[in-house]
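> Whatever this is, show me its structure:
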Amino acid sequence: MNANNYKYDIILIVLLIILSPLFLFPFNDFVWLVLIIPIIWSIRAMKCNHIHTNTILDWSFLILCIQVFISIINNFSTIYSSLAKAYGVLFGLITFYAVVNLAKSEKLLSLSISIFIFLGSLFSILTFLGTHLILERFLHEGFQQYKFIYRFLREATPILDFKIKGAEMGFHPNAVAGTLLFFYPLFLFMVEFHKAKKLFILKNKIFFYVFFWCTNLLIFIILISSTSLLALFGLIISLIIIILIQNRKKTIKYVLVVSIIIALSILILNPSPSLKNDFERKWQKRSPLLLKGIEIIREKPFTGVGINRFRYSSGVEYYSAHAHNHLIHIAAELGIQALIAYLAIMIGTGYMCLKVYWNSDIEWMRTAILGLGGGQLAHFFFGLGDSIPLGAKPGIIFWISLALITAIYNYHVQIGSSR
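Alright, predicted model coming up:
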């Protein structure tokens, strides 16, 4: 990769960081500024002879973009209600290609994964401090016997108000838990990166293990106190699948211990008298939304109701923003074609993870792809009963994780073809 490619890709990533508020919180007066990005891409295409690095997910992304565009055209009179989510999808795709374009060497891949790990630790701290309802929910949903824990945490940790539009009451515990799933499996295997000396900055052994245990403990506390059973079950299923793929005695023992701790935490700290009662209560609340999503798919199978338009459907409250199933929600808003494209993305992601894990001889990279893939898998299972809608602000983590998996796969293909 020549210096020109690096230059334009670094400029694009810096611009994405600077312009990210415009994508995540679109301001009508300044939307035109995002045109800077296609201009940079056009210059890169002229200088480097291609716009972006090819991936096996390109056609699926194209179909998804076409469906988003169709949904906006069909709801042009109410375009502003769709703009935020549409910009979220666009921002995610641009970020995906920016990361894949840049991370083409082993050094840049390890740097990118190190940044992702630090991003995860920062995200866990900010969401814990900014989720106003997480501790109240932990107490009020039946944890009366744990008042002392609640009071200690309430007094020991400040509650921050980030004044983010759409999260005026703080971050939603379910959304926080679902997003952290992208990080947690990778965090559990951080020891492998440290041994391979691929974690930048965290090279000091004592500092690394303090960071490792503190971060994992914090994420574990957030997942448990969120009372999101779907997030916890998704994580357990993902870890079990990782056991089956790795088939190593050491890993099996390690992952089994984590899974047992999570399972026991669910049983001991479950807010309802029983797991059955808890599922029944949540099913009664969410089943009308699932049925509404299915009804919309039947009425508009090929176009959907429009991105971010599910919440405006009759019988749906504004703050019930999604169908609580990511597959039904995507089909309801963007049509069956978008659902097929989304499933193709997930299948392609699984293929890339398995291909690298089974064929690569770079141990830390195999561990990284398994951790990142495990996060995607855990979130997929979480999304079957809850979801973070396509284009939502936390969804940017989905695109970054996907980009890292794709970049590792592309590197594996590149070094394989050069041998």
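> Wait, residue 97 touches residue 53, no?
Yes: the pair residue 97 and residue 53 qualifies as a contact (CB atoms under 8 Å) at a distance of 7.1 Å. C-beta coordinates here come from the backbone N, C-alpha and C atoms, glycine included.
> Quickly list the domain ranges of the protein.
1-51, 59-417 (automatic domain parsing).
> For the closest residue to residue 395 other than its chain neighbours, give me its contacts.
Take residue 395 and drop its neighbours on the chain: the residue closest to it by CB to CB, 6 or more residues apart in numbering is residue 388, 5.5 Å away. Counting by CB atoms under 8 Å, 6 or more residues apart in numbering, residue 388 makes contact with 175, 178-179, 322, 326, 394-395, 398.
> how does it look with 6 Å?
By CB atoms under 6 Å, 6 or more residues apart in numbering, the contact list for residue 388 reads 175, 178, 394-395.
> Phi, psi for it please.
phi -110, psi 110 (degrees, to the nearest 10).
> and it, how far is that from residue 290?
16 Å (CB to CB, to the nearest Å).
> cool, residue 54 as well?
Residue 54 is 37 Å from residue 290, by CB to CB.
> just residue 245 next, same as before
From residue 245 to residue 290 the distance is 31 Å (CB to CB).
> what's the answer for residue 404, then?
32 Å.
> Of those two, give the one with the bigger neighbour count.
Under the criterion of other CB atoms under 10 Å, the comparison of residue 404 against residue 290 puts residue 404 first, with 24 against 17.
> now the helices for the stretch 151-300 of the chain?
173-180, 184-188, 190-195, 205-225, 229-246, 249-269, 275-299 (DSSP state H, counting those that start in this stretch).
> Just give me the lowest mean pLDDT stretch among these.
Sorting those by mean pLDDT places helix 249-269 lowest, at a mean of 63.
> top of the contacts of residue 388 by neighbour count?
Ranked by neighbour count (other CB under 10 Å), those have residue 178 at the top, with 29 neighbours.
> can you tell me which residues contact it?
Residue 178 sits next to 231, 382, 388 when contact means CB under 6 Å, 6+ apart.
> which residues sit against stretch 9-17?
By CB under 6 Å, 6+ apart, stretch 9-17 touches 40, 95, 98, 101-102.
> Please flag which of the residues you listed sit within helices.
Per DSSP state H, helices hold the following members of the contacts of stretch 9-17: 40, 95, 98, 101-102.
> the bottom helix or strand of this structure by mean pLDDT?
helix 132-140 (a mean of 51; mean pLDDT, DSSP states H and E).
> returning to what we had before: among the ones in helices among the contacts of stretch 9-17, name the buried ones.
40, 95, 98, 101-102 (16 or more other CB atoms under 10 Å).
> can the residues you listed go into a markdown table with extra columns for pLDDT and distance to residue 129?
Output for those, formatted as a markdown table (pLDDT from 0 to 100; distance: CB to CB, whole Å):
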| residue | pLDDT | distance to residue 129 |
| --- | --- | --- |
| 40 | 69 | 35 |
| 95 | 89 | 25 |
| 98 | 88 | 29 |
| 101 | 88 | 34 |
| 102 | 88 | 31 |
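> ranking the domains of the chain by mean pLDDT, which is last?
Among those, domain 1-51 scores lowest, at a mean of 68.
> quick revisit: quick one: which of the contacts of residue 178 is nearest residue 87?
Closest approach to residue 87 among the contacts of residue 178 (CB to CB): residue 388, at 15.8 Å.
> give me the number of residues near residue 206?
Number of residues near residue 206 (other CB under 10 Å) recorded here: 7.
> and what of residue 85?
Neighbours of residue 85 under the rule other CB under 10 Å: 25.
> Residue 66 too?
15.
> Same question for residue 54.
For residue 54, the count of nearby residues is 10 (other CB under 10 Å).
> On the three-state scheme, it is what?
Here residue 54 is recorded as coil under DSSP: H, G, I helix; E, B strand; the rest coil.
> who's in contact with it?
Applying CB under 6 Å, 6+ apart, no residues qualify as near residue 54.
> The same query, at a cut-off of 10 Å, please.
Residues counted as contacts of residue 54 (CB atoms under 10 Å, 6 or more residues apart in numbering) are 100, 410.
> swap in residue 180?
Counted by CB under 10 Å, 6+ apart, residue 180 has contacts 120, 123-124, 127-128, 187, 218-220, 222-223, 226, 228, 231, 235, 375, 378-379, 394, 397.
> Isn't residue 399 up against residue 23?
No: in this structure, residue 399 is not within contact of residue 23 by CB atoms under 10 Å, at 11.4 Å.
> who's more crowded, these two?
Between residue 399 and residue 23, residue 23 has the larger neighbour count (other CB under 10 Å), namely 24 against 20.
> these two touch, right, the more buried one and residue 396?
Yes: between residue 23 and residue 396 a contact is recorded at 8.7 Å, counting by CB under 10 Å.
> and for the two, which residues touch both?
Residues touching both residue 23 and residue 396 (CB under 10 Å, 6+ apart) are 16, 88, 91-92, 95.
> Select from the residues you listed every entry located in helices.
Using DSSP H, the subset of the shared contacts of residue 23 and residue 396 located in helices is 16, 88, 91-92, 95.
> and those, which are buried?
16, 88, 91-92, 95.
> any chance of those residues in a markdown table, plus distance to residue 71?
Shown next, in a markdown table, are these (distance: CB to CB, whole Å):
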| residue | distance to residue 71 |
| --- | --- |
| 16 | 24 |
| 88 | 13 |
| 91 | 17 |
| 92 | 16 |
| 95 | 21 |
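> Most widely separated two among the residues you listed?
The distance between the two most remote of these (CB to CB) is 13.0 Å, for 16 and 88.
> Mutual contacts of these two, please.
Contacts common to residue 16 and residue 88, judged by CB under 10 Å, 6+ apart, are 23, 396.
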